[in-house]
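1. model the following, please.
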Amino acid sequence: MTWWQILLIILAVILVLLVVLYFVGSKMQRKQAVSQEQMDAMKQTLSMLIIDKKKMKLKDANLPDMVLQQTPKYMRRMKMPFVKAKVGPRIMTLIADPKVYEIIPVKKEVKAVVSGIYITEIKSVRGGAIPAPPKKKGFFARFKKDKSVKNTTAEKTESKGKKNK
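-> Numbering: from 1, shown residues only. Coordinates of the predicted model:
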């Protein structure tokens with residue numbers, strides 16, 4: 001085989017993979033649109049007291065068996081954001097949207113939009129404004145901070161040594 005035949009085979013395989021990914025992606029996009037419509041139809045605003053929030057596996061969250069059976073198998077092994085909240089007289093375990101999970105305050109009363117057992121957004125927080133999500137630092141920003149901390153500790157040790165002499 002010559003090099004151009006090998007190149008044609010590789011290009012054909014890549015083309016087939018791209019076509020398969022396109023059709024799988026469009027199918028998943030349609031499924032997500034249908035599920036989003038269902039969530040919008042079922043959403044309701046509830047007032048709840050947030051007791052605790054954790055990221056844990058679906059099996060460890062003490063959810064009903066029906067919920068475990070309906071979730072896809074790959075989701076059962078993933079860690080998900082769970083919120084333990086008191087809704088009315090009952091204490092419930094709810095699943096939070098990852099964006100909402102970051103801003104949910106613990107030990108505060110919250111008005112949230114809930115669809116089934118899924119918290120989709122926060123309307124308001126009693127006793128203050130909705131806290132802004134903490135900004136995540138980039139990889140290099142964290143690295144620069146570590147250097148500055150090391151430099152300040154090095155300067156302190158040098159200044160102590162000068163005072164003693």
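
2. state the phi and psi torsions of the nearest residue to Glu109 once chain neighbours are set aside.
-> Leaving out its chain neighbours, the residue that sits closest to Glu109 by C-beta to C-beta, 6 or more residues apart in numbering is Arg126, at 4.0 Å. Any C-beta I mention is one placed from the backbone N, CA and C, and that applies to glycine too. Dihedral pair for Arg126: phi -70, psi 130, per degrees, to the nearest 10.

3. quick one: residues contacting Arg126.
-> Contacts for Arg126 (C-beta atoms under 8 Å, 6 or more residues apart in numbering) come out as Lys108, Glu109, Val110, Lys111.

4. now the helix or strand hosting the third one: average pLDDT?
-> Element membership of Val110 [criterion: DSSP states H and E] is strand 109-115. Strand 109-115 carries an average pLDDT of 92.

5. each with direction, which strands does that strand pair with?
-> strand 44-57 (antiparallel), strand 118-125 (antiparallel) (DSSP bridges).

6. other residues contacting that strand?
-> Under the criterion C-beta under 8 Å, 6+ apart, residues 39-40, 42-50, 85, 94, 100, 104, 119-127 lie in contact with strand 109-115.

7. can you tell me the closest non-neighbouring residue to Lys43?
-> If the residues on either side of it in the chain are set aside, Lys43 comes closest to Ser115, at 4.4 Å by C-beta to C-beta, 6+ apart.

8. remind me, longest helix of the protein?
-> Ranked by number of residues, the top helix in the chain under DSSP state H is helix 3-42.

9. so it versus strand 118-125, what angle?
-> For helix 3-42 against strand 118-125, the angle by axes from the mean of the first three to the mean of the last three C-alpha atoms, to 10 degrees is 60 degrees.

10. and helix 3-42, what other elements does it pack with?
-> Helix 3-42 sits against strand 109-115, with contacts defined as 3 or more C-beta pairs under 8 Å, 6 or more residues apart in numbering; DSSP states H and E.
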